Structure formats: structure tokens, C-alpha cells
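Predicted model follows, preceded by the sequence.
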Amino acid sequence: MKKSKFTSLLAVIILILLVATGCSSGNSAATTTGTGTSGADKTTSGKLDKVTLQLKWLPQSQFMGYYVAQAKGYYKDAGIDIEILPGGSDIIPEQQVYNGVANIGVTWDSSLMKYQSKGWGLVQVGQIFQKSAMLLVSKASSGINSPKDLKGKKVGSWFGGNEYEIYALLEANGLNKDTDLKMVQQDYTMNQLLKDEIDATSAMTYNEYGLLLESGLKESDLHVLNMNDAGVAMLEDCLFVNSDWIAKNEDLYVRFLKASIKGWAEACANPEAAGKVVFDVDQSVSLAHQVYMAKEVAKLVVPKDFDPAKIGYMDMAAIQQTADLALKYGLLSKPAVISENTFTSKYWTKATAK
């Protein structure tokens, strides 16, 4: 039977509508941000949410949990396409996050408090290091066996925010930082101590102390003043975000944190493998040193008697101690505001919920 012109026209219109509907659906899926979408849904659809993480320093085992999570595909499993930006002496994580260059940053608590005090709208949302890594190290031959023995000595510091634990250590032991000893600028090698140009040097447990051992010195050749043991520790590597960003991306951050915690748990359980992962990212130091760093960092993330299930936990008493010391010794000009708007565990609680 011959079709009428009306019937043919109607068929063409229906076909056009079907094609248009199909194209519209495809475009909608491509432009969805997925802020409130689960990681499983994102993985199934093949669409990943982009997240940029700004580190405080160059690629090293200090940040091994993020690199392990990336290498093992934990971020991808969570529906995340992660970009890890290395830091450096000229990169300030707080500025990177505040300006939108990065979504999430790693910094020291005291540094974050300084920028919060300027009204930058940054909020701490995780605490990776539970202990301070800061040491004052001297040669055993120097006779520095206690903080009081620093009187009359040359003590090295990197300054730039790294000196406040030392100031607290000195005052707690009755020493005036300006008159009882000489504080000097130190470089990022340990050469000044090795050459006896200074009597005591600042050193991180996971890096510079290892450099001293690698130079040929034994532990018995050195004496260590540990800020944790002295009761003047200030917290270091934490996670923070812009308050405007987290308000729109809560689910995304929770997925990021959950994947990161998984990476940190695996890295701390097997630091040798984690050190190799980081070494493969950037071979700026030896594999042996990266592994050494990984083993020491694991002790900060999961200290003795600390439950590995609580990786990322924010100890508010330790945060308050950091704030009090930062104010007392001049890093802050006014007390830090410790509130739900500046330091919050609610995302960690969601990320660790079973």
C-alpha cells in the first residue's frame, strides 16, 4: 500500500526526535561533575572526577601514602583522576589551594594557622602525621646531653616556620634564644654539623638524621633531642582545603580521603615497597634513602600503640598545643580559631565509617 505524504513526514519527525533525545542524554553524561556521585557509579560509567593534590615538598616518602594509592589504583577505584603536584622552596601550598591551583594541600598545622589568621578561608580536614619529626642533633663528643647543655652553643635552624619548636624547647629549659646561645641559618645538607661549624643541627627523623647516618656516623656518635619527648611538639603534615571548594565537593573529598588512607595503611605496613614506589616517581635520591625515609615516616603516621584504623585522625589536644606554641613564640599574632569551620573531623569520620 502506498504511504501518504503525512505518514512519511510523521516518520521523519519521530526519527529526528529520537536522535535528538539520544544526543542530549550523551551530552548530559559527559558534562556531569559527579560531585554527589559514588565512586562505584563513576567507575562504572568510566568518568573520573579530577582532583589536584599539592604537596609541601618534592616527591619523597614523606608523601608515600598518596603515591601508593595512585600506583595501586585506589583513587581510580574511588572514581578519581588524581594529579599530585610536587612542592618546593618557592611553592606555598596554602596559596596554591586558596588560588584554586590545587583542590587539596599538604602543609604543617602551624603554617596553616598562620594563613587562616589572615582570613583565607582554609580548613584542616585530616592529620596524617601524629608525631613531630623535628630533632636537634649533635655529635656525642660535643657534650650536649640535655637541652640545658645548648647554652653557649651554635644551634642550626632552617627558620621560615621551622624554628618554633626549638624556641619552645629552649624556654622550657630556662634558656633565652637571643642571649644564651647563637641561632644560625643552616642549609639542607648536614655539612655544617659534619664540619663542626655548628654544635647542634635541626633534622627531620625521616630525612636529615638519615643523611648523618649515611655519612658514616653511627647512632652512638650522635645525641638526639626529640621534641615529642620534651613536650614541645608541633604537628606537621596535615590535609587542608578551601572552604568554598569543600562545600561543593564533600563526597569527592571523602572518596579522596578514603583512598588516601588505604594508600597510607599499605605504605606503613610495607615501607620498603612504598619507598620503591616513590623512588620510581622521582629518582632524586637513592632507593636506600627513600626506603629509610618510608620506614621513619611510618612511625609518624602510625606511632607505637596507635590504631592503624585511625590514620588521618585529628587529635584536637595536639592541635591546640601547636596553636598555643605558635602564638607564644610569635608565629601567630593572635590566638588560632579552633572551631568546626577551621578544623573538622567530620569528613574523616565519614571516610572511615564501615
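Received, thanks.

tell me the SS of Ile82?
strand (DSSP: H, G, I helix; E, B strand; the rest coil).

pretty sure it is in contact with Leu53, am I right?
Yes. Between Ile82 and Leu53 there is a contact at 6.5 Å, judged by C-beta atoms under 8 Å. All C-beta atoms are positioned from the backbone trio N, CA, C, and that covers glycine.

Overlap in contacts, those two.
Tyr66, Phe256 (C-beta atoms under 8 Å, 6 or more residues apart in numbering).

contacting residues for the spatially closest residue to Lys50 that is not a sequence neighbour?
The shortest distance from Lys50 to any residue other than its chain neighbours is 4.9 Å, reached at Asp81 (C-beta to C-beta, 6 or more residues apart in numbering). By C-beta under 8 Å, 6+ apart, the contact list for Asp81 reads Leu48, Asp49, Lys50, Val51, Tyr75.

Ala294 should be in a helix, yeah?
Yes. According to three-state DSSP, Ala294 belongs to a helix.

is it true that it touches Ala269?
No. Assessed by C-beta under 8 Å, Ala294 is found out of contact with Ala269, at 11.0 Å.

Next up, the contacts around Thr52.
Ile82, Glu83, Leu85, Val101, Ala102, Asn103, Ile104.

swap that for Glu214, please
Ala288, His289.

Could you rerun that using 10 Å?
With contact taken as C-beta atoms under 10 Å, 6 or more residues apart in numbering, Glu214 is in contact with Met190, Ser286, Ala288, His289, Tyr292.

and the fourth one, how many neighbours does it have?
Right, His289. Per other C-beta atoms under 10 Å, the neighbour tally for His289 reads 19.

In what element of secondary structure is it found?
helix 287-301 (DSSP states H and E).

I'd like to know the average pLDDT value across that helix.
Helix 287-301 shows a mean pLDDT of 98.

Pull out the buried residues from the next helix-or-strand element following that helix.
Scanning forward in sequence from helix 287-301 by DSSP H and E, the next helix or strand is helix 316-328. Using 16 or more other C-beta atoms under 10 Å as the test for burial, helix 316-328 gives Ala318, Ile319, Gln321, Thr322, Ala323, Leu325, Ala326, Leu327.

Taking those, tell me the two that lie furthest apart.
Greatest spatial distance among these (C-beta to C-beta): Ala318 and Leu327, at 15.2 Å.

tell me how far whichever strand or helix holds Glu165 is from the chain's mean position?
Element membership of Glu165, judged by DSSP H and E, is helix 164-172. Mean-position distance between helix 164-172 and its chain equals 24 Å (C-alpha atoms, centre = their mean, to the nearest Å).

how about it as CSV, C-alpha atoms only?
What follows is helix 164-172, C-alpha atoms only, in CSV (Å, rounded to 0.1, in the frame of the first residue of the first chain):
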residue,chain,number,x,y,z
TYR,A,164,59.3,27.4,66.9
GLU,A,165,59.7,24.0,68.5
ILE,A,166,63.3,24.9,69.2
TYR,A,167,62.3,28.2,70.8
ALA,A,168,59.8,26.2,73.0
LEU,A,169,62.5,23.7,73.9
LEU,A,170,64.9,26.4,75.0
GLU,A,171,62.4,28.3,77.1
ALA,A,172,61.1,25.1,78.7
